[in-house]
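J.: Here is my input, please return the structure:
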Amino acid sequence: MNLGYQKIKMKITYIKKDKRLIFEIEEDIDECCVQKIRRRIDNEIQRYMPKEVIFDFSNVSFMDSAGIGLIIGRYKLINMIGGELKIANVNTQIQKIFEMSGILKIIPEVKCTEKKRSQVCNARKKSDLRCAGGKIRRRCNMTKTYDNEMKIEFLSKSKNEAFARIAVAAFIAQLDPTVEEVADIKTAVSEAVTNAIIHGYEEKIGIVKLICKIAQNEVFIEISDTGKGIENIELARKPLYTSKSNLERSGMGFTIMESFMDNVEVDSVLGVGTKVTMSKKIKINSSREKQKDVENANNLVNTGVRGEE
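T.: Numbers count the residues shown, from 1 in each chain. Predicted coordinates for the structure are as follows:
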């Protein structure tokens with residue numbers, strides 16, 4: 001399993017006739033590996049000076065807001081040399097991030113197949129994209145009675161982001177969530193952990209605490225740090241706001257959390273730390289519930305028979 005700290009996997013194709021450069025990324029795009037991906041792509045762009053660049057996401061299974069910063073930064077670079085950037089073959093999770101960020105308003109999405117790798121296929125129509133930030137959410141109740149719970153702590157290193165989201169995904173598997181529900185929760189966890197590492201502790205190493213609880217079909221997640229804290233929570237939650245613009249941060253972390261989870265709550269004290277609490281209800285699988293009802297009925301019948309005997 002590649003957690004992002006090994007050598008970056010990327011297939012690069014340059015079509016000299018069309019001056020087209022295609023990057024087929026084969027990594028999860030998060031804070032851990034985004035800098036390595038950025039350096040590799042920039043080197044190739046400066047080497048070939050292409051007129052067209054395509055980011056092919058066929059083999060990218062996960063991306064958080066770090067990928068938005070990566071794409072916007074490359075968009076500016078390619079524009080400076082008179083080229084055009086396009087994106088291709090994104091999955092549902094990445095599509096949702098692109099839509100809420102508004103990237104597809106400035107960067108066209110194309111469909112590229114293996115057979116027509118040298119051709120740009122028909123661009124999809126751009127939809128009316130809206131950011132989902134600023135929603136008012138009810139407070140997450142982390143003090144209620146839960147069916148199950150897990151707690152982990154880890155150092156504030158970017159390589160631990162993947163560990164955190166995979167641990168949560170494994171824990172909530174007992175609820176039999178859909179692939180989309182798992183992707184939503186993994187993305188929100190990744191964003192909260194990234195905030196703790198990048199903004200909470202900055203260049204220092206500290207401890208990030210993660211608590212995940214289950215109550216019936218609802219998941220509650222708490223991620224906390226003892227870092228510098230947030231001076232203005234309302235400003236920090238605004239879409240596209242970032243205090244780390246020099247690092248090509250997208251400023252979409254809280255917006256993504258609010259869009260992918262049902263409820264998001266942020267508590268922070270300067271010099272003390274920050275706690276992000278989130279919750280999401282998992283849709284009940286009707287076929288699974290019917291099976292449980294059958295099993296319960298059978299158990300009652302068997303219990304009654306044994307009682308009569």
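J.: All the helices of the stretch 1-150 of the chain, in order from the start?
T.: Here the stretch 1-150 of the chain has its helices, by DSSP state H, counting those that start in this stretch, at 34-48, 65-80, 92-101.
J.: what does the stretch 201-309 of the chain give?
T.: 233-236, 253-260, 286-308.
J.: Lowest mean pLDDT across the ones you listed, which one is that?
T.: Mean pLDDT is lowest for helix 286-308 out of these, coming in at a mean of 55.
J.: Any chance of a markdown table for the helices of the stretch 1-150 of the chain, columns mean pLDDT and distance to Val219?
T.: Where C-beta positions appear, they are placed from N, C-alpha and C, glycine not excepted. Output for those, formatted as a markdown table (pLDDT from 0 to 100; distance: least, CB to CB, whole Å):
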| stretch | mean pLDDT | distance to Val219 |
| --- | --- | --- |
| helix 34-48 | 92 | 27 |
| helix 65-80 | 91 | 21 |
| helix 92-101 | 90 | 17 |
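J.: Tell me which of those helices lies nearest to Ala236.
T.: Closest to Ala236 of the helices of the stretch 1-150 of the chain is helix 65-80 (CB to CB; 13.2 Å).
J.: List of residues touching the closest one?
T.: Here helix 65-80 makes contact (CB atoms under 8 Å, 6 or more residues apart in numbering) with 29-31, 34, 37-38, 41-42, 45, 50, 53, 55, 84-85, 87, 94, 97-98, 101, 103, 106-107, 191, 194, 247-253, 256.
J.: Apply 7 Å and report the result again.
T.: The contact list for helix 65-80 (CB atoms under 7 Å, 6 or more residues apart in numbering) reads 29-31, 34, 37-38, 41-42, 45, 53, 55, 84-85, 97, 101, 103, 106-107, 191, 194, 248-250, 252-253, 256.
J.: Please list only the buried members of those.
T.: 29-31, 34, 37-38, 41, 45, 53, 55, 84-85, 97, 101, 103, 107, 191, 194, 248-250, 252-253, 256 (16 or more other CB atoms under 10 Å).
J.: any idea how far Lys280 is from Gly82?
T.: Here the criterion is CB to CB, to the nearest Å. By it, Gly82 lies 44 Å from Lys280.
J.: neighbour count winner among those two?
T.: Lys280 (21 against 9; other CB atoms under 10 Å).
J.: Provide a list of residues in contact with the more buried one.
T.: With CB under 7 Å, 6+ apart, Lys280 has these contacts: Asp184, Ile185, Val219, Met261, Asp262.
J.: Which helix or strand contains the most centrally placed residue in the chain?
T.: Centroid check for the chain by CA atoms, centre = their mean gives Thr187 as the closest residue, at 2.7 Å. Using DSSP states H and E, the element containing Thr187 is helix 179-195.
J.: who touches that helix?
T.: 30-31, 62, 64-66, 92-93, 161, 164-165, 168-169, 172, 208, 219, 221, 223, 253, 256-257, 260-261, 276, 278, 280, 282.
J.: now, which of those lie within strands?
T.: Val208, Val219, Ile221, Ile223, Val276, Met278, Lys280 (DSSP state E).
J.: Let me know the closest of those to Asp147.
T.: Nearest to Asp147 among these, with distances taken as CB to CB, is Val219, at 10.8 Å.
J.: these two touch, right, the closest one and Ile282?
T.: Yes: counting by CB atoms under 7 Å, Val219 touches Ile282, with 6.5 Å between them.
J.: Neighbour count: these two, which is higher?
T.: Neighbour count, other CB under 10 Å: between Val219 and Ile282, Val219 has more, with 22 against 18.
J.: Contact partners for Val266?
T.: Ile233, Arg237, Thr274, Val276.
J.: So for it, what's the pLDDT?
T.: On the pLDDT scale, Val266 is placed at 94.
J.: Please apply the same query to Lys125.
T.: 36.
J.: and what of Ile87?
T.: As predicted, Ile87 sits at a pLDDT of 94.
J.: Tyr241 now?
T.: We have a pLDDT of 60 for Tyr241.
J.: Same question for Glu218.
T.: pLDDT recorded at Glu218 is 96.
J.: Also Thr187?
T.: pLDDT, Thr187: 94.
J.: Val276 versus the nearest residue to Asp176 once chain neighbours are set aside, what's the distance?
T.: Using CB to CB, 6 or more residues apart in numbering and skipping residues adjacent in sequence, the residue nearest Asp176 is Asn285, 5.3 Å away. Here the criterion is CB to CB. By it, Asn285 lies 28 Å from Val276.
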